[in-house]
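Chemist: quick one: sequence plus predicted model below, questions after.
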Amino acid sequence: MTEAADRSLTHLSPAESRLSALFARPKWLAATCVVTLTGLGWLYLGLMVAGSADPASAFGPGMSVFDFLPRAFEAICRAAFGSGTFDATTIALVALMWGAMVLAMMLPSAAPMIFSYAEIADTAARKRASVVSPFVLAGGYTAVWFGFALVATLAQLALTRAALLNASMASASGLFSGAIFIAAGVYQFSEFKHACLRQCQRPFPFLFTHWETTPRGVFRLGLKQGLYCVGCCWAMMLVMFAVGVMNVIWMAALGVVMTIEKMLNGRRFSHAVGAVLLAAGIAFVAAAFAAHWPAAKFEQG
């Protein structure tokens, strides 16, 4: 990847070359996204803490846009989810949130795939062969994740109706949070997970073997790689339901974990992540039982 990063892809258009140069350094891209997301998360938390310290000042005069936007968004979500009615505006709002979330979390992990394609395309262009823009491949990949965002939106609405998520879009049950963590941890050890992960870790053989020279074919390649990515990461994405859908700190942490996982070979890191998720899930379940056990014991007495 280092040699590839140093080689300019001169036979692609300027925009495509800039895209390829960006994705040639996935570690730099991932670090930038993580730092940005984390900074936004801490800014959001700081603004919310400042607002809760003086509730009378919420939406008051003299409020800056940086104060208004996070409070307004939370107020809209609380009103929508607290009412239990989900109209088209609410669904669109949540879908937009999930769409932004999956892009922020999954775009860095797509770096090896997009740059591998750009390398093959540049080589083909040098031989005067027909090539399709890497943006078409990225479009197919993101289309799959936007589909996942829609499914996650519907799942969030269903979980809210079932009272498993509260008005703040956070888990309302320790047992529910524990079950999600445990399920995600178990999935880290599954063969299906690692079959998909291998395709994400080594995209070059897949792209080279299934090379296409039409926009439809390249878009289809992006769809296939997106499906492999969803198969690899869907369980970890659902951890957001356990820690709070609007928790940007967890969003950044999971994003960097999934990016590192795709940049390494083997299963050791994935298994280590699975063990941590299982331990966290067991802790959630134990804490939930411990919270209810004294009350149950008192009622029996």
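Modeler: Noted; the coordinates are in hand. Residues are numbered from 1 along each chain as shown.
Chemist: just give me the longest helix of this protein.
Modeler: helix 268-300 (DSSP state H).
Chemist: list the buried residues of it.
Modeler: With burial defined by 16 or more other CB atoms under 10 Å, the residues of helix 268-300 counted as buried are 269, 270, 273, 274, 277, 278, 280, 281, 284, 285, 288. Any C-beta I mention is one placed from the backbone N, CA and C, and that applies to glycine too.
Chemist: measure the residue nearest to residue 181 when sequence neighbours are not counted to residue 237 for me?
Modeler: Nearest non-adjacent residue to residue 181, counting by CB to CB, 6 or more residues apart in numbering: residue 281, 3.1 Å away. Taking CB to CB, to the nearest Å as the measure, residue 281 falls 16 Å from residue 237.
Chemist: do residue 115 as well
Modeler: Applying CB to CB to residue 115 and residue 237 gives a distance of 23 Å.
Chemist: likewise residue 175?
Modeler: Applying CB to CB to residue 175 and residue 237 gives a distance of 20 Å.
Chemist: more neighbours: which of those two?
Modeler: residue 237 (23 against 15; other CB atoms under 10 Å).
Chemist: surely the more buried one is in contact with residue 105?
Modeler: Yes. In this structure, residue 237 is within contact of residue 105 by CB atoms under 8 Å, at 7.2 Å.
Chemist: any residues in contact with both of the two?
Modeler: residue 254 (CB atoms under 8 Å, 6 or more residues apart in numbering).
Chemist: alpha carbons of stretch 210-219, in CSV - could you do that?
Modeler: Extracted as CSV, the C-alpha positions of stretch 210-219 are listed here (Å, rounded to 0.1, in the frame of the first residue of the first chain):
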residue,chain,number,x,y,z
HIS,A,210,-14.5,-9.9,-11.8
TRP,A,211,-13.3,-6.9,-13.7
GLU,A,212,-16.0,-5.0,-15.5
THR,A,213,-15.8,-2.3,-18.2
THR,A,214,-19.3,-0.9,-18.1
PRO,A,215,-20.9,1.5,-15.5
ARG,A,216,-23.6,-1.1,-14.7
GLY,A,217,-21.0,-3.8,-14.1
VAL,A,218,-18.8,-1.6,-11.9
PHE,A,219,-21.8,-0.4,-9.9
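Chemist: can you report how many residues lie near residue 92?
Modeler: Counted with other CB under 10 Å, residues neighbouring residue 92 total 11.
Chemist: can you name the next helix or strand after the helix or strand in which it is found?
Modeler: Per DSSP states H and E, residue 92 falls inside helix 88-106. With elements assigned by DSSP H and E, the helix or strand that comes after helix 88-106 is helix 111-126.
Chemist: that following helix packs against which elements?
Modeler: Applying 3 or more CB pairs under 8 Å, 6 or more residues apart in numbering; DSSP states H and E, one finds that helix 111-126 contacts helix 14-23, helix 26-53, helix 134-161, helix 191-201, helix 203-209, helix 215-237, helix 248-263.
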